[in-house]
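[1] Structure for this input, please:
(chains A and B)
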Amino acid sequence: MRIATWNVNSIRVRIQQVLNFLKNYDVDILMMQEIKCTNKMFPSNIFENNGFNCAVYGQKTYNGVAIVSKYIIEDVNTGNSIFEKDQSARYIDAFINGFRIVCVYVPNGQEVNTQYYFYKLEFLNKLIKHLSNVANVEDAIIGGDFNIARSDLDVWNVKLWRGRNCCSNAEREKFQRLLDIGFKDVLRENSDDRELFTWWDYRHDGFKSNHGLRLDYLLTSKNINVLSRQRCIKMRSLPQPSDHAPILIEI
DNA sequence: ATGGCCAATTTTATTGGA
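    Next comes the predicted model:
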């Protein structure tokens, strides 16, 4: 089974690229973040015509997450019960082909010690608590844009980014707590490769000069046997790309 | 190297992204 995660930065702009990606990489399940549209505006019929079922938690203008799957999608949950008062659409999970598939879009945080940053840390606290419960009962696969560069290996210019939003110690500690629940960071496992970036700034043509960060992750329960793993950076090099590249694993 | 990019919005500037 081939599973991917991708921050598409607007599904309406990226629909053709997403369809090409699903086909060319033979993807069975795709988790998407920043679909930037309501459930009603989400192109479910296009996915269905291409053999995919959809679970969507949309929002006007900002955020929004979705899962599309060749397999039947069961027991869908959105973040409402987990994140309480939070009105932003950042979490959806479902039971698919024996696994709990979790799709998450962690808040950006803007700058360290702003209200947005503290909201991000609080969101992560709730996510950690929730996924601790999930891990006790099901094999889980978590895909998402965490907006955290896990270590200095995941930053193109350590000196420039040290301590800044996405790279602060508090954020990295939260990410480690998430792993400590019992998940593995599939792309990083047994690798000290610096070239695992998943995001490059549109500004200054950051992709061309590989000025990137690793902000997107596929995590799995430790007992899941991973057959292959890759970043699909080709999707970042095409015309009118998302600023994020997809990650694809086979289990 | 953070103003110069991109997407959405009853747009013609503003917000958010990271």
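[2] Need phi/psi at whichever residue of the stretch 51-200 of chain A sits closest to DNA strand B.
    For the stretch 51-200 of chain A, the residue closest to DNA strand B is residue A:108, as judged by CB to the nearest atom of the strand, at 3.7 Å. Using the backbone N, CA and C atoms, a C-beta is placed for each residue, glycine as well. In terms of degrees, to the nearest 10, the main-chain angles of residue A:108 are phi -70, psi -50.
[3] Distance of it relative to residue A:82?
    Applying CB to CB, to the nearest Å, the value for residue A:108 to residue A:82 is 19 Å.
[4] which residues does the nearest residue to residue A:105 once chain neighbours are set aside contact?
    Once flanking residues are discounted, residue A:105 sits nearest to residue A:33: 3.9 Å by CB to CB, 6 or more residues apart in numbering. Contact analysis of residue A:33 by CB atoms under 8 Å, 6 or more residues apart in numbering lists A:5, A:6, A:7, A:8, A:63, A:64, A:65, A:103, A:104, A:105, A:144, A:145.
[5] repeat that with 10 Å
    For residue A:33, the set of contacting residues under the criterion of CB atoms under 10 Å, 6 or more residues apart in numbering consists of A:5-9, A:63-66, A:89-92, A:103-106, A:143-146, A:216, A:242, A:244.
[6] ok, what's across the strand from it?
    When bridges are assigned using DSSP bridges, the partners listed for residue A:33 are residue A:7, residue A:65.
[7] what about stretch A:49-60, near DNA strand B?
    Yes: remark: stretch A:49-60 sits within contact range of DNA strand B at residue A:60, by CB under 7 Å from any atom of the strand.
[8] Can you give me the end-to-end span of that stretch?
    Taking CA to CA, to the nearest Å, the first and last residues of stretch A:49-60 lie 24 Å apart.
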